[in-house]
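Chemist: quick check, what structure comes out for this input:
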Amino acid sequence: MMSVFDHGAPPPCPAMFNMAAYVLEAGLKTPDKVALSLLTPEGSENWTYAALRAAVLGTGRGFLDTGLCAGDVVLMRLGNTVDFPLAFLGALSVGLIPVPTSAALTLSETSRIIADMSPASILHSPDVACPADPRVVSLEVLRAMRALPAAEIHMGDPNRLGYVIYTSGTSGSPRAVGHAHRAIWARQMMFEGWYGLRPSDRVLHAGAFNWTYTLGTGLMDPWTMGATALIARAGTLAAELPAYLRRDKATLFAAAPGVYRQLLSVAPDLDVPTLRHGLSAGEKLPDRVAKAWHEATGTYVYEAYGMSECSTFISSSPAHPVSPGTLGRPQLGRRVALLNSDGPVPFGTEGAIAVHKDDPGLMLGI
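Modeler: Below you'll find the model as predicted:
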């Protein structure tokens, strides 16, 4: 038997679609519910779903008022603040193509991306490296857009280019990866296949706003479900996270394996009564760390595998835990195979992981 895993095609994406509209849709039913809590030692700054929607669509209006048009590229040189997801969704809402970039990029690296992408606009936070350019929109101007009247959402073909991200460069120089609006539609397969996500969840992600792992798992996916996202302030240390988990009644905790190691080193006994389980991605979680987390919290950590070029498609979950030493299984709605140069390999034989070309989470190209 060959290593081909066909869990059926996902439900088709609507013919007229917009990523931002999809993310914000659930919040229309609960406008007064907290969508986002920004956590500090003193308390939290809360954004309701109504406030989130107004800020996103106001930002979209502001982009149009500067003369941008659907299809224009908007480069994001923003820091670890709420400005990042608001600008990302605001651009998508009106058909612009946001290009989120790491704040750690140098001036020369940023210049190369600008030359590569030829953006119509550059959103710039003063603490992030960026060359002087007449296309720059300052952080002050960007924030003022939130108060503008809501823009009309730009609906269209779900297969049209939605956003561009840059690879981490593990195989060489970072390269641009284009994703369609439908990429967010593919993430619903992760709700049961990885998260076990519910509208009642309070998801604390340990990453920064301007990290794509946080943007997807920590923000857009909870909002799509109508759950609450919890994000700690920039510069939060691992030693501060246990207090946030308890005080803010987190039910899910998402982080990279390194954060789990750091957290356990400062808090080997974690009493978080509300916590259901943890989520891990970015690299393989060592079995010893997963075991230590279970001993400390009484909960499990579920892992996922994905990449810049495709949304997470292999994972473990509360419904489908896996044995130690393994990562997970293809999610329902995914078609995955292990291949060598001759095609699918027999079960038990090493091969390269391949995802089907029709997967809605697969990139449009590089």
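Chemist: residues near Glu192, how many?
Modeler: For Glu192, the tally of surrounding residues (other C-beta atoms under 10 Å) stands at 17. Yep, even glycine has a C-beta here, placed from its N, CA and C like the rest.
Chemist: likewise for Pro11?
Modeler: Residues lying near Pro11 (other C-beta under 10 Å) number 11.
Chemist: let's verify it: helix, strand, or coil?
Modeler: Secondary structure, DSSP: H, G, I helix; E, B strand; the rest coil: Pro11 is coil.
Chemist: give the contact list for it.
Modeler: The contact partners of Pro11, by C-beta atoms under 8 Å, 6 or more residues apart in numbering, come to Gly333.
Chemist: where does the chain dip in pLDDT?
Modeler: 168-172 (pLDDT under 70).
Chemist: by contact count, what packs against the longest helix along it?
Modeler: The longest helix of the chain (DSSP state H) is helix 49-65. On a contact count with 3 or more C-beta pairs under 8 Å, 6 or more residues apart in numbering; DSSP states H and E, helix 49-65 meets helix 19-25, strand 34-40, helix 83-93, helix 139-144.
Chemist: how much distance is there from that helix to the middle of the chain?
Modeler: The chain centroid and the centroid of helix 49-65 are separated by 20 Å, computed with C-alpha atoms, centre = their mean, to the nearest Å.
Chemist: show me what the strand or helix carrying Val289 is packed against.
Modeler: Under the criterion of DSSP states H and E, Val289 resides in helix 287-297. Helices and strands touching helix 287-297, by 3+ C-beta pairs under 8 Å, 6+ apart, are helix 257-266, strand 301-307.
Chemist: can you add distance to Ala20 and give these back as JSON lines?
Modeler: JSON lines is the format used below for those (distance: least, C-beta to C-beta, whole Å):
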{"stretch": "helix 257-266", "distance to Ala20": "28"}
{"stretch": "strand 301-307", "distance to Ala20": "21"}
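Chemist: deepest-packed of those, please.
Modeler: Neighbour counts (mean count of other C-beta atoms under 10 Å) averaged over each of those peak at strand 301-307, with a mean of 22.
Chemist: now the residue nearest the centre of the chain: closest residue in space, sequence neighbours ignored.
Modeler: By C-alpha atoms, centre = their mean, the chain has its centre lying nearest to Gly216, at 1.5 Å. Closest residue to Gly216 apart from its sequence neighbours, by C-beta to C-beta, 6 or more residues apart in numbering: Arg187 at 6.7 Å.
Chemist: out of the helices and strands packed on helix 49-65, deepest packed?
Modeler: Among the helices and strands packed on helix 49-65, highest average neighbours (mean count of other C-beta under 10 Å) belong to helix 83-93, with a mean of 27.
Chemist: tell me the helix or strand right after that one.
Modeler: Taking DSSP H and E, what comes next after helix 83-93 is strand 97-100.
Chemist: all the strands of the stretch 201-350 of the chain, residue numbers only.
Modeler: Using DSSP state E, counting those that start in this stretch, the strands of the stretch 201-350 of the chain run over 202-205, 228-232, 252-255, 277-280, 301-307, 310-315, 329-330, 335-340, 343-344.
Chemist: can you pull the contacts of Pro321?
Modeler: 300, 302.
Chemist: tell me how far it lies from Asp201.
Modeler: 18 Å (C-beta to C-beta, to the nearest Å).
Chemist: again with Arg246
Modeler: Distance, Arg246 to Asp201, by C-beta to C-beta: 16 Å.
Chemist: next: Leu237.
Modeler: Remark: distance between Leu237 and Asp201 (C-beta to C-beta) = 24 Å.
Chemist: just the C-alphas of the helix holding Val289, formatted as CSV.
Modeler: Once non-C-alpha atoms are left out, helix 287-297 reads as follows in CSV (Å, rounded to 0.1, in the frame of the first residue of the first chain):
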residue,chain,number,x,y,z
ASP,A,287,9.1,14.7,23.5
ARG,A,288,10.8,15.6,26.8
VAL,A,289,9.3,19.2,26.6
ALA,A,290,5.8,17.8,25.8
LYS,A,291,6.1,15.4,28.7
ALA,A,292,7.2,18.2,31.1
TRP,A,293,4.4,20.4,30.0
HIS,A,294,1.9,17.6,30.7
GLU,A,295,3.4,17.0,34.1
ALA,A,296,3.3,20.8,34.9
THR,A,297,-0.2,21.6,33.6
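Chemist: what angle sits between it and strand 301-307?
Modeler: Going by axes from the mean of the first three to the mean of the last three C-alpha atoms, to 10 degrees, helix 287-297 is angled at 140 degrees with respect to strand 301-307.
Chemist: and the closest residue to Ile114 other than its chain neighbours, helix, strand or coil?
Modeler: Excluding the flanking residues, the one nearest Ile114 by C-beta to C-beta, 6+ apart is Leu75, at 6.5 Å. Following three-state DSSP, we place Leu75 in the strand state.
Chemist: relative to Cys130, how far out is Leu75?
Modeler: Distance, Leu75 to Cys130, by C-beta to C-beta: 9 Å.
Chemist: any common contacting residues for those two?
Modeler: By C-beta under 8 Å, 6+ apart, the residues touching both Leu75 and Cys130 are Ile122.
Chemist: so for the two, which residue has more residues nearby?
Modeler: Leu75 (27 against 21).
Chemist: the more buried one and Gly282: what is the separation?
Modeler: Distance from Leu75 to Gly282, by C-beta to C-beta: 24 Å.
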